[in-house]
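> Turn this into a model:
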Amino acid sequence: SADAHYNIGVIQQAKGLLSEARSSYEAAVLADPGHAKAHNNLGVLLQLAGEDAKSLAHFQAATTIDPEMVDALFNFGLTLAAQGQPDRATEALLAVLRLAPNHTDAQIRLGDVYYQRGQIHDAMRYFKGALAQQPEQPATYLKLGVAYLKDQQPDQAILVFQKLVALKPEDAAGYDMLAR
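I've put the predicted structure just below:
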């Protein structure tokens, strides 16, 4: 059955047997084209293999089958962003946040997409939201500080970079940004 193939794939993936897991997920999808979790996991493995177009199709299938599957929506959004489709990526990541408002990774990735689109204030809002939930995120402090610089707010950027240095003194990035 599709569930059996899926469950075997999960075990294989956990053991690092990615080729075997991929085959199991493919068998699950073949047995039941409506198996959203199998589509999502197959999409992840295809993405790891560099097969982005195929992974995107499986993430889209998973989100069509189960529009409230947060993992699939997040993976779909990440893949769309990586493929240069910021509008669709934004839509998918906003859907994640409607379903899981505290999804820190979705907030960070949405901030990234907004930053790349030049929507700096929106980017900063999502970076701040992520930091409010998980203040131990050095990379997000760096992103927020860079966004402040881009927005011509050097005093705010300095405060953020100081927090980064205090959080992770062994990381040169904060010092490099303060030296600018």
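> Okay, buried residues for stretch 123-142 please.
123-131, 137, 140-142 (16 or more other C-beta atoms under 10 Å). Backbone N, C-alpha and C define where each C-beta goes, glycine included.
> Check the separation of the first and last residues in it.
Stretch 123-142 stretches 13 Å from its first residue to its last (C-alpha to C-alpha, to the nearest Å).
> quick one: contacts of it?
Contacting residues not belonging to stretch 123-142 are listed as 102, 104-105, 107-108, 110-112, 114-115, 143-144, 147-148, 151, 160-161, 163-164, 167-168, 171, 173-174, 177 [C-beta atoms under 8 Å, 6 or more residues apart in numbering].
> Filter those residues down to the buried ones, PyMOL style.
Selection of buried members from these for PyMOL, criterion 16+ other C-beta under 10 Å:
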select buried, resi 104+105+107+108+110+111+112+114+115+143+144+147+148+160+161+163+164+168+173+174+177
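> Select from the contacts of stretch 123-142 every entry located in helices.
104-105, 107-108, 110-112, 114-115, 143-144, 147-148, 160-161, 163-164, 167, 173-174, 177 (DSSP state H).
> Out of the helices and strands in this protein, which is least certain?
Here the helix or strand of the chain ranked lowest by mean pLDDT, DSSP states H and E is helix 172-178, holding a mean of 79.
> And that one, what does it pack against?
helix 138-150, helix 154-167 (3 or more C-beta pairs under 8 Å, 6 or more residues apart in numbering; DSSP states H and E).
> Can you dump the C-alpha atoms of the last one in PDB for me?
Taking C-alpha atoms only, helix 154-167 is exported to PDB below (Å, rounded to 0.1, in the frame of the first residue of the first chain):
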ATOM      1  CA  PRO A 154      22.900  53.200  10.200                       C
ATOM      2  CA  ASP A 155      22.200  53.800  13.900                       C
ATOM      3  CA  GLN A 156      19.700  51.000  14.000                       C
ATOM      4  CA  ALA A 157      22.000  48.800  12.000                       C
ATOM      5  CA  ILE A 158      24.800  49.400  14.600                       C
ATOM      6  CA  LEU A 159      22.500  48.400  17.400                       C
ATOM      7  CA  VAL A 160      21.600  45.100  15.600                       C
ATOM      8  CA  PHE A 161      25.300  44.300  14.800                       C
ATOM      9  CA  GLN A 162      26.200  45.000  18.400                       C
ATOM     10  CA  LYS A 163      23.500  42.400  19.400                       C
ATOM     11  CA  LEU A 164      25.100  40.000  16.900                       C
ATOM     12  CA  VAL A 165      28.500  40.500  18.400                       C
ATOM     13  CA  ALA A 166      27.200  40.000  21.900                       C
ATOM     14  CA  LEU A 167      25.300  36.900  20.900                       C
END
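> Many thanks, have a good one.
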